[in-house]
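A.B. asks: Everything below, folded, please.
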Amino acid sequence: MPTAAPSAPTSLAALADATPEDRNRVVDLLRGAAILVVCLGHWLMAAVYVDDAGALRRGDLLGIATWTHPLTWVLQVMPVFFLVGGYANAISWRGARRRGTSYGGWLRARLRRLTLPLLPLMLFWAVVAPAASALGVDGATLRIASMASLVPTWFLAVYVLVVALAPATLVLWERWGWWSIVGGAALAGLVDLVSISQDLLLVGFLNYLLVWGTVHQLGYAWRDGALRGRGRRLLLAAAGLVGLLLLVGLGPYGVSMVGVKGYGVDNSYPARVTLLALGVLQAGLVMAAEPFLARVVARRRVWMATIFVNARIMTIYLWHLTALGLVVALSLALGGFGLGVAPDTTTWWLTRPLWFGTLAAVTALLVVLLGRFEQPARDDRPAPPAVLPVLAMLVTCAALGVMADLGIAERSGEVNAWLPWIPVLASVAFGVSRLPLPRAWHRRPPAHDPEV
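C.D. replies: Residues are numbered from 1 along each chain as shown. Okay, here's the model as predicted:
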């Protein structure tokens, strides 16, 4: 899936017509669809409402309506995102090897594509959080808003780490094939065994890399045709389903693939082997459906829509929960208008389409305003020493992890306004971004970038 030249036409129709014949459009379709499902799932599960006393509450739908837990086997589609990431990263790094591009140059290019869209979000919260606190916004409300809005940055941090390790993990796949996947699954199971049996939560955090990295390996297998034929792919899905049923039915894990307290071991904080089993299930299913999906995405309008979503995919993902926060803030300013319905009631469910439409409209506006950060100009600088993009990656991921876990506002209401500045400064200090940022707003057709 080669990258289109920067001089290529940038209209959707022109990009659709210029699509190389050998491009696997299903990868783009799945990437875009996965992110849209994530947005809808977050908007649904948050279940924010205003109680009779006028206080803002986050009525986590999974905690209120336990019947929704099995729905997360469909709505938790991050495994699909990592699967297609593996497919695309194999193409990206192999292309870099053929061109003689160094690891430092390759990683910097990947970070520019992934983290430049993050910088406006960081600057937004660096300004809004202390300003809201100074204007008298309750500390608890600000904490809820910041933590909810910054949840997407945690998965971005994990994905960036997996991308940075892609050259090494691709070597593992090329040398050991399926044994690299079996080994990753075995190590993930061992980490879970130690973490859960010894009540060592921090040990479990290793599985963010092992679980998602192993799903990423499945993308290599897909790219290299290591599982041809619908029958074999369905067998892979069956193996994932059986594993998931055994882990949930006989093990300590909860049914929900999204974290919820009080219903078994949390499957997503940290990532557990259940998510790996779900990834195997979903990988088998989407690969089995590849011929059908290829026919669907070959339709001109579907492909143009896929191009459009992928061109702004990071902005959509990073801002969709901040959009929710902005809608909630406007509602509170209007006395809680539209948020007075308790979650999981008939009225609440009937109003979800309107809720989704409102949030989609606000997100679309943010995409129009900020989407240009996904189209950085061609970077003609010499390749940097590998240590610089590696440091940028490590510092950024550490800061994102802290913010996603703690929020910008502490329980006491104190605002850590310095936290969002860390990814911004790391990007500049280690050479990922170039100042001034507006000079990087040159348009190019990102839909033909080999990966997100």
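A.B. asks: Put the alpha carbons of stretch 141-150 into CSV.
C.D. replies: Extracted in CSV, the C-alpha atoms of stretch 141-150 (Å, rounded to 0.1, in the frame of the first residue of the first chain):
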residue,chain,number,x,y,z
THR,A,141,-16.8,18.0,38.2
LEU,A,142,-13.5,19.1,36.6
ARG,A,143,-11.9,15.8,37.6
ILE,A,144,-14.7,13.8,36.0
ALA,A,145,-14.6,15.9,32.8
SER,A,146,-10.8,15.7,32.4
MET,A,147,-10.5,12.0,33.2
ALA,A,148,-13.3,11.1,30.8
SER,A,149,-12.0,13.3,28.0
LEU,A,150,-8.5,12.0,28.2
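A.B. asks: Next, the buried residues of stretch 46-66.
C.D. replies: Of the residues in stretch 46-66, 46-50, 56, 58-65 count as buried by neighbour count, 16 or more other CB atoms under 10 Å. Every C-beta, even on glycine, is put in place using the N, C-alpha and C of the backbone.
A.B. asks: Same check on stretch 226-238?
C.D. replies: Those would be 227, 233, 236-237, for stretch 226-238 by 16+ other CB under 10 Å.
A.B. asks: outside of that stretch, which residues touch it?
C.D. replies: 177-178, 220-221, 280-285, 287-288, 291 (CB atoms under 8 Å, 6 or more residues apart in numbering).
A.B. asks: Out of these, which comes closest to Arg25?
C.D. replies: Pro291 (12.2 Å; CB to CB).
A.B. asks: and the gap between the residue nearest to the closest one when sequence neighbours are not counted and Pro420?
C.D. replies: Leaving out its chain neighbours, the residue that sits closest to Pro291 by CB to CB, 6 or more residues apart in numbering is Arg230, at 7.8 Å. Going from Arg230 to Pro420 by CB to CB, to the nearest Å gives 47 Å.
A.B. asks: now the strands for the chain?
C.D. replies: Taking DSSP state E, the strands of the chain run over residues 48-50, 56-58.
A.B. asks: what does the last one contact?
C.D. replies: It refers to strand 56-58. With CB under 8 Å, 6+ apart as the criterion, strand 56-58 contacts 46-51, 141, 144, 148, 328, 332, 339.
A.B. asks: Give the rounded mean pLDDT of that strand.
C.D. replies: For strand 56-58, mean pLDDT rounds to 76.
A.B. asks: Next: the first one.
C.D. replies: The average of the pLDDT scores along strand 48-50 is 84.
A.B. asks: Name every strand pairing with it and say which way it goes.
C.D. replies: Here strand 48-50 has these sheet partners by DSSP bridges: strand 56-58 (antiparallel).
A.B. asks: Distance from the chain centre to the partner strand, please.
C.D. replies: 25 Å (CA atoms, centre = their mean, to the nearest Å).
A.B. asks: repeat for stretch 198-218
C.D. replies: Taking mean C-alpha positions (CA atoms, centre = their mean), stretch 198-218 and its chain are 16 Å apart.
A.B. asks: list the buried ones in it?
C.D. replies: 203-204, 206-218.
A.B. asks: Just give me the closest of those to Asn310.
C.D. replies: Nearest member of the buried residues of stretch 198-218 to Asn310, counting by CB to CB, is His216, at 18.5 Å.
A.B. asks: now the closest one: how far from Phe82?
C.D. replies: Counting by CB to CB - His216 and Phe82 are separated by 5 Å.
A.B. asks: Need the overlap of contacts for those two.
C.D. replies: Joint contacts of His216 and Phe82 (CB under 8 Å, 6+ apart) are Val162.
A.B. asks: Gly85 against His216, yeah?
C.D. replies: Yes. Gly85 lies in contact with His216 (CB atoms under 8 Å); the separation is 5.9 Å.
A.B. asks: what is in contact with the two at once?
C.D. replies: With CB under 8 Å, 6+ apart, Gly85 and His216 have common neighbours Val162.
A.B. asks: Give me the below-cutoff pLDDT ranges for this structure.
C.D. replies: Regions of the chain meeting the criterion pLDDT under 70 cover residues 1-10, 411, 413, 435-452.
A.B. asks: my guess is Leu247 meets Leu278, correct?
C.D. replies: No. Contact between Leu247 and Leu278 fails when scored by CB under 8 Å: they sit 9.6 Å apart.
A.B. asks: Which one of these two is surrounded by more residues?
C.D. replies: Leu278 (28 against 21; other CB atoms under 10 Å).
A.B. asks: check contacts around the more buried one.
C.D. replies: Leu278 touches 73, 76, 79, 240, 244, 257, counting by CB under 8 Å, 6+ apart.
A.B. asks: If we only consider those residues, which is nearest to Arg295?
C.D. replies: Looking across the contacts of Leu278 and measuring by CB to CB, the closest to Arg295 is Pro79, at 23.6 Å.
A.B. asks: Quick check: that closest one vs Val286, distance?
C.D. replies: 10 Å.
A.B. asks: Ala131 now?
C.D. replies: From Ala131 over to Val286 (counting by CB to CB), the distance is 44 Å.
A.B. asks: So for these two, which sits in the more crowded spot?
C.D. replies: Just comparing Ala131 and Val286: by other CB under 10 Å the higher neighbour count belongs to Val286, 24 against 12.
A.B. asks: In this structure that one contacts Phe292, no?
C.D. replies: No. Between Val286 and Phe292 there is no contact under CB under 8 Å: 10.3 Å.
A.B. asks: Number of residues surrounding the closest residue in space to Gln282 that isn't next to it in sequence?
C.D. replies: Nearest residue to Gln282 in three dimensions, chain neighbours excluded: Pro79, at 4.9 Å (CB to CB, 6+ apart). Other residues lying near Pro79 total 26 when counted by other CB under 10 Å.
A.B. asks: One more: Arg113?
C.D. replies: 20.
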